[in-house]
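A.B. asks: This is a predicted model, with the sequence first.
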Amino acid sequence: MRLRFIKPHPQLAGCVNKMWVFESEGRAPAEDMKMIVPNGMVKMTIPYRNGVSGKNKDGFRLVKESSIIIIGICDTPAIIDLEHDAPHGNIGIEFSQMGAYRLFQVCQAELKNKIFLIDEILGNSGKEIQEIIANAEAVDEKLRLVQHYLIKLLSKSEADQVVDYCVQAIEGSRGLLSVRELEKKTGYSSRWLYDKFIGKVGLSPKNLSAVTRFMQFYKEWAKNPATDSYKSDIYHYFYDQAHFIKDFKRFTGLSPLKFVRSENEFGRLFWKG
């Protein structure tokens, strides 16, 4: 498996969190879980060689080669696989919460934990860019075309200052900022903030904070799965060990002990660097 990170166009700064090209000679080994855990980001993937499938608790979807896929914000894990055990390549783009609502101007909660073809969200313009990118032979040209399209989408929307402030505050606190503190900082009620987040982020402030806290541990494990240094930080982020285990099971489907004993090289790949 080969992963190459791409620096996004400067005009996408703040809206695109990561961009990459992933290639493999075939499926991951059978013992690999191939699990992608939720990290609070909407994603776009373009499988330009060999289709892909995604499965979570809400269903299964097979997507053919050269399609453009939008994966809504998730709070459950997903299992990713290839359509055929054959060479595969795809372009992946991960959007910040501040970018997703501007690019895909729909209620983000309607995309939650689901996989869509781009035209199902963006209509004819999505269908057209999918065809244009499919006809481009070089991967670098595909990258140029998709970024140009995203810049055009971005130019048609404006930032929501309150949402952006709250998202940055949650991220800056590593998920420790309470809803009550957000109320004090913004002057808006918890009900108002909840409704705003459901529409623009797809998760409530409390749920986004839970994902953010979980990712503090997952990223460290992905970089060094042999370590158990995360144990010393549990009580900083969680009420107690039971709280930590409950959230960990929610986002991976497994207890921490079972998870670290399992093979998930595919899922680790995106966090090693």
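C.D. replies: Perfect, thanks for sending it. Not measured: the values here are computed from a predicted model. Numbers count the residues shown, from 1 in each chain.
A.B. asks: Contact partners for the spatially most central residue of the chain?
C.D. replies: What sits nearest the mean C-alpha location of the chain, by Cα atoms, centre = their mean, is residue 41, with 3.4 Å. Listed by Cβ atoms under 8 Å, 6 or more residues apart in numbering, the contact set of residue 41 reads 17, 73, 94, 95, 96, 97, 100. Every residue, glycine included, has its C-beta placed from N, CA and C.
A.B. asks: What is the three-state secondary structure of the first one?
C.D. replies: Spelled out, it's residue 17. When the structure is reduced to helix, strand and coil (DSSP: H, G, I helix; E, B strand; the rest coil), residue 17 reads as strand.
A.B. asks: That one: how many residues sit nearby?
C.D. replies: 20 (other Cβ atoms under 10 Å).
A.B. asks: Can you list the strands that the host helix or strand of residue 23 pairs with?
C.D. replies: Residue 23 belongs to strand 16-24 when elements are defined using DSSP states H and E. Here the strand partners of strand 16-24, with direction, are listed using DSSP bridges: strand 2-5 (antiparallel), strand 88-95 (antiparallel).
A.B. asks: Pick out the shakiest of these, pLDDT-wise.
C.D. replies: The stretch with the lowest average pLDDT out of the strands paired with strand 16-24 is strand 2-5, scoring a mean of 93.
A.B. asks: how distant is that strand from the center of its chain?
C.D. replies: In terms of Cα atoms, centre = their mean, to the nearest Å, the centre of strand 2-5 is found 17 Å from the chain centre.
A.B. asks: elements contacting whichever helix or strand residue 125 is part of?
C.D. replies: Under the assignment given by DSSP H and E, the secondary-structure element containing residue 125 is helix 118-135. Using 3 or more Cβ pairs under 8 Å, 6 or more residues apart in numbering; DSSP states H and E as the contact criterion, the neighbours of helix 118-135 among helices and strands are strand 42-49, strand 69-71, helix 139-155.
A.B. asks: Flag the shaky bits of the stretch 151-273 of the chain, pLDDT-wise.
C.D. replies: Residue ranges of the stretch 151-273 of the chain with pLDDT under 70: 226-232, 272-273.
A.B. asks: which residues in it form helices?
C.D. replies: Per DSSP state H, counting those that start in this stretch, the stretch 151-273 of the chain has helices spanning 161-172, 179-186, 190-200, 205-223, 234-237, 241-252, 256-260, 265-268. These are given in chain order.
A.B. asks: and the ones you listed as a markdown table, adding mean neighbour count and distance to residue 145?
C.D. replies: Listed next are these as a markdown table, based on neighbours: other Cβ atoms under 10 Å; distance: least, Cβ to Cβ, whole Å:
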| stretch | mean neighbour count | distance to residue 145 |
| --- | --- | --- |
| helix 161-172 | 17 | 28 |
| helix 179-186 | 14 | 38 |
| helix 190-200 | 17 | 27 |
| helix 205-223 | 20 | 31 |
| helix 234-237 | 15 | 41 |
| helix 241-252 | 16 | 34 |
| helix 256-260 | 15 | 38 |
| helix 265-268 | 20 | 27 |
